[in-house]
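> Quick one: sequence plus predicted model below, questions after.
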Amino acid sequence: MNPSDIRAAAITLAARRLSGSQGPLLADAQAPQTPADALAIQQAVSGLLNDAIGGWKCGLPDSDKVVAAPIYATSIHSSHTAAPCPVWLRDGAVRVEPELAFVFDGGLPLRAESYTEAEIRAAITRVHLALELIDSRYLPVPKPPFLQSLADGLVNQGLLLGPQVERDAAFAAKVLGLVLNQGEREETLAGVHPVGDPLAPLYWLQGFLAARGEAILPGQVVITGSYAGVLALAPDSEVTLRYGELGQLSACFSAR
């Protein structure tokens, strides 16, 4: 893709992200054809939004699929605040994914030699229960191909950080039995991390960012995969979600 087509695609996606609107897939010259195209659009969107990158969502790459996208600082919320978390609703519901959020208060500065897994673990200062906030800038039909989703930030609209939990227990949390309660709804979910080890995608992300000259910055947070896929929740009604023995997150959502 040439720079003008990348910028045109990014303008479309950034405008939809800011307005909460959805539209058709990127077409013709603006549609990414390679992972490099999609990542270039993603970076151009970040440049247009005038918002700091507060964190990252990631997963282990699969074949030619690169699974990494920024989470913007103004879209990261805390469950400890009294106000409901603002979200874009679709069909009257908010979609979330139960996650663990790994916080790097001191960051991981760029350096010549690679970081070891032990050094990356040591740099994680806090772990929080979290809910990734899900939304797409595309219409639901047809389903966006992966490269279009990657260009759009992998359906992320933000992150809700819940209570801090015990760090080593979170590092070992391959399975987390989940119990969801909202109104009369009670649901028990198996709670399995998609790649088994919740830290494995994080190790990959650090190397991926370093290869393109980016560091994990102080205060940034990383999420590495949903323990239960996507859950649809009602707005304006308190929800609680227990993450096995790690703890419980309580939240309320309101329409933006």
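In hand now; what should we look at?
> Residue 160: which element?
Using DSSP states H and E, residue 160 sits in strand 156-165.
> Which strands border that strand, and is each parallel or antiparallel?
Strand 156-165 has its sheet partners listed here by DSSP bridges as strand 76-78 (parallel), strand 126-134 (antiparallel).
> Can you point out the buried residues in that strand?
Using 16 or more other C-beta atoms under 10 Å as the test for burial, strand 156-165 gives 156, 157, 158, 159, 160, 161, 162, 163, 165. (Each C-beta comes from the backbone N, C-alpha and C, glycine too.)
> Check those and tell me the two furthest apart.
157 and 165 (23.8 Å; C-beta to C-beta).
> following the strand or helix carrying residue 11, which helix or strand comes up?
Using DSSP H and E, residue 11 sits in helix 3-19. Counting by DSSP H and E, the element after helix 3-19 in chain order, helix or strand, is helix 35-49.
> Which of the three states applies to the most centrally placed residue in the chain?
A centroid search over the chain (C-alpha atoms, centre = their mean) returns residue 57, at 3.8 Å, as the residue closest to the centre. Classification of residue 57 by DSSP: H, G, I helix; E, B strand; the rest coil places it in strand.
> wait, what's in contact with it?
67, 68, 69, 71, 132, 154, 156, 222, 223, 224 (C-beta atoms under 8 Å, 6 or more residues apart in numbering).
> what's across from it in the sheet?
residue 69, residue 223.
> residues near residue 245, how many?
Counted with other C-beta atoms under 10 Å, the neighbours of residue 245 add up to 11.
> Return the backbone torsion pair for it.
In terms of degrees, to the nearest 10, the main-chain angles of residue 245 are phi -90, psi 0.
> tell me the contacts of it?
By C-beta under 8 Å, 6+ apart, the contact list for residue 245 reads residue 169.
> Setting aside sequence neighbours, what's the nearest residue to residue 1?
Distance criterion C-beta to C-beta, 6 or more residues apart in numbering; nearest residue to residue 1, sequence neighbours excluded, is residue 37 at 4.7 Å.
> ok, back up a step: quick one: buried residues of the helix holding residue 11?
For helix 3-19, burial by neighbour count (16+ other C-beta under 10 Å) applies to 5, 6, 7, 8, 9, 10, 12, 13, 14, 16, 17.
> now stretch 143-150
Going by neighbour count (16+ other C-beta under 10 Å), the buried part of stretch 143-150 is 144, 146, 147, 148, 149, 150.
> Next: stretch 194-210.
Buried residues in stretch 194-210 (16+ other C-beta under 10 Å): 195, 197-206, 208-210.
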